[in-house]
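Asker: how would this look folded up:
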Amino acid sequence: MSTRPRSPAAATPAPGKLPLPELAEMKRRGDRIVMITAYDAPAARIADDAGVELILVGDTAAMVMLGHSSTLPVTLDEMIFLTRAVTRAARRPLVVGDLPFGTYEVSDEQAVASAIRMVKEGGADVVKLEGAGRMLSRVRAIAESNIGIMGHVGLTPQSATKLGGFKAQGRTADAAKQLYDDALALQEAGAFAIVLEAVPAPVAARVTEALHVPTIGIGAGSGTDGQVLVWHDMLGMYAGRTPRFVKRYAEIAAEIGDAVSAYASDVRTGAFPEEKHTYGISPEELEWFEASLTTS
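Answerer: Residues are numbered from 1 along each chain as shown. Below is the predicted model:
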């Protein structure tokens, strides 16, 4: 039987910032929670204006922003840099700084130090890490250090090689029970919310029902308390493989490609810039300028 978790510690939110306890209230009321990734100020501003509750500065930046083939190479310094850009523009949403691979696995002390840097230097409101098991003590240590911590189970991309690739998790009875137990353990350790990634919808719904803290699904069906998608996936901006759980809401890459091609054509043909794109000078000043060239 699960026990109600300790209230997650967090710094006092800025004026207008969504209070962290409101997420639990949203779960209680049955209100759906919207989370989206963002990696720069313009994206954060758009997400803020759209009224989302959470912005995740995810380690997916390694792939969609930095050109890597997986999330593993991104560094803490890079994640802090991106998080700082997002926090400058996000006024109301809580900004979740993703702790990248290699920044919390070694020890509780390493995990707390990384989380502190993400909050202090990156400006994140809370942080996220992947896994349960040995990571439970990391979650507990961060929560006890006055930093809100979000858990993540199911498909955990940082350990995809160990899991046999980017595959759905919890598809056998034993695996589903382990995932269920891991989610409860993360709640008990102090996580204020848990991401369920690539999990069968009935399993995710049962986990959500058992928890007092909200679940955020990605490829976990509609029975979770909220949903998250990667910015570049939902907008059609990423050229890599798109998971089956992604819904494309736009095809921005194609529009950008058409715009850049049109610009290149206009430059080559002389159609750009037109007169309206230039700045003038008075005839007198131009005459004096020309005269100065002949006397210099």
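Asker: remind me which residues of the stretch 101-250 of the chain are low pLDDT?
Answerer: 159-166, 240 (pLDDT under 70).
Asker: at 80 instead, please
Answerer: For the stretch 101-250 of the chain, residues meeting the criterion pLDDT under 80 lie at 157, 159-167, 238-242.
Asker: so what's the gap between stretch 201-212 and the chain middle?
Answerer: Offset of stretch 201-212 from its chain centre (Cα atoms, centre = their mean, to the nearest Å): 22 Å.
Asker: neighbouring contacts of that stretch?
Answerer: The contact list for stretch 201-212 (Cβ atoms under 8 Å, 6 or more residues apart in numbering) reads 2, 4-5, 24, 27, 154, 170, 176, 179-180, 183-184, 187, 194, 196, 199, 215, 217, 220-225. Backbone N, C-alpha and C define where each C-beta goes, glycine included.
Asker: just the buried positions in it, please.
Answerer: Neighbour counts using 16 or more other Cβ atoms under 10 Å place Val203, Ala204, Ala205, Arg206, Val207, Thr208, Leu211 of stretch 201-212 among the buried residues.
Asker: output that stretch as CSV, restricted to C-alpha atoms.
Answerer: Below are the C-alpha coordinates for stretch 201-212, written out as CSV (Å, rounded to 0.1, in the frame of the first residue of the first chain):
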residue,chain,number,x,y,z
ALA,A,201,-1.8,2.6,-21.8
PRO,A,202,-3.6,0.3,-19.3
VAL,A,203,-0.4,0.0,-17.3
ALA,A,204,0.1,3.8,-17.2
ALA,A,205,-3.5,4.3,-16.2
ARG,A,206,-3.2,1.8,-13.3
VAL,A,207,0.0,3.5,-12.1
THR,A,208,-1.6,6.9,-12.4
GLU,A,209,-4.6,5.7,-10.3
ALA,A,210,-2.2,4.4,-7.6
LEU,A,211,-0.2,7.6,-7.2
HIS,A,212,-0.9,10.7,-5.3
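Asker: circling back to that earlier point, next step: the contacts of stretch 201-212 restricted to strands.
Answerer: Among the contacts of stretch 201-212, the members found in strands (DSSP state E) are Gly154, Ile194, Leu196, Thr215, Gly217.
Asker: of the residues you listed, which is the most crowded?
Answerer: Leu196 (33 neighbours; other Cβ atoms under 10 Å).
Asker: which residue sits closest to that residue in space, ignoring its chain neighbours?
Answerer: Ala220 (4.2 Å; Cβ to Cβ, 6 or more residues apart in numbering).
Asker: just Ala271 next, same as before
Answerer: Ser265 (7.5 Å).
Asker: for the helix or strand where the one you found lies, buried residues please.
Answerer: In this structure, Ser265 sits in helix 252-269 according to DSSP states H and E. Using 16+ other Cβ under 10 Å as the test for burial, helix 252-269 gives Ile252.
Asker: which SSE is immediately downstream of that helix?
Answerer: Heading C-terminal from helix 252-269 (DSSP H and E), you reach helix 283-295.
Asker: distance from that next one to the middle of the chain?
Answerer: Worked out by Cα atoms, centre = their mean, helix 283-295 lies 56 Å from the chain centre.
Asker: make 721 the first number, not 1, from now on.
Answerer: Shifting the count to begin at 721 puts that one at helix 1003-1015.
Asker: what lies in contact with that helix?
Answerer: If you take Cβ under 8 Å, 6+ apart as the criterion, helix 1003-1015 is touched by Ile1001.
Asker: restrict that helix to CA atoms and write it as PDB.
Answerer: Listed next in PDB are the C-alpha coordinates belonging to helix 1003-1015 (Å, rounded to 0.1, in the frame of the first residue of the first chain):
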ATOM      1  CA  PRO A1003      21.000  64.500 -51.700                       C
ATOM      2  CA  GLU A1004      23.100  67.200 -50.000                       C
ATOM      3  CA  GLU A1005      24.800  64.700 -47.600                       C
ATOM      4  CA  LEU A1006      25.400  62.300 -50.500                       C
ATOM      5  CA  GLU A1007      26.900  65.100 -52.600                       C
ATOM      6  CA  TRP A1008      29.300  66.100 -49.700                       C
ATOM      7  CA  PHE A1009      30.100  62.400 -49.200                       C
ATOM      8  CA  GLU A1010      31.000  62.000 -52.900                       C
ATOM      9  CA  ALA A1011      33.000  65.200 -52.800                       C
ATOM     10  CA  SER A1012      35.000  64.000 -49.800                       C
ATOM     11  CA  LEU A1013      36.100  60.900 -51.700                       C
ATOM     12  CA  THR A1014      37.600  63.000 -54.500                       C
ATOM     13  CA  THR A1015      39.600  65.200 -52.100                       C
END
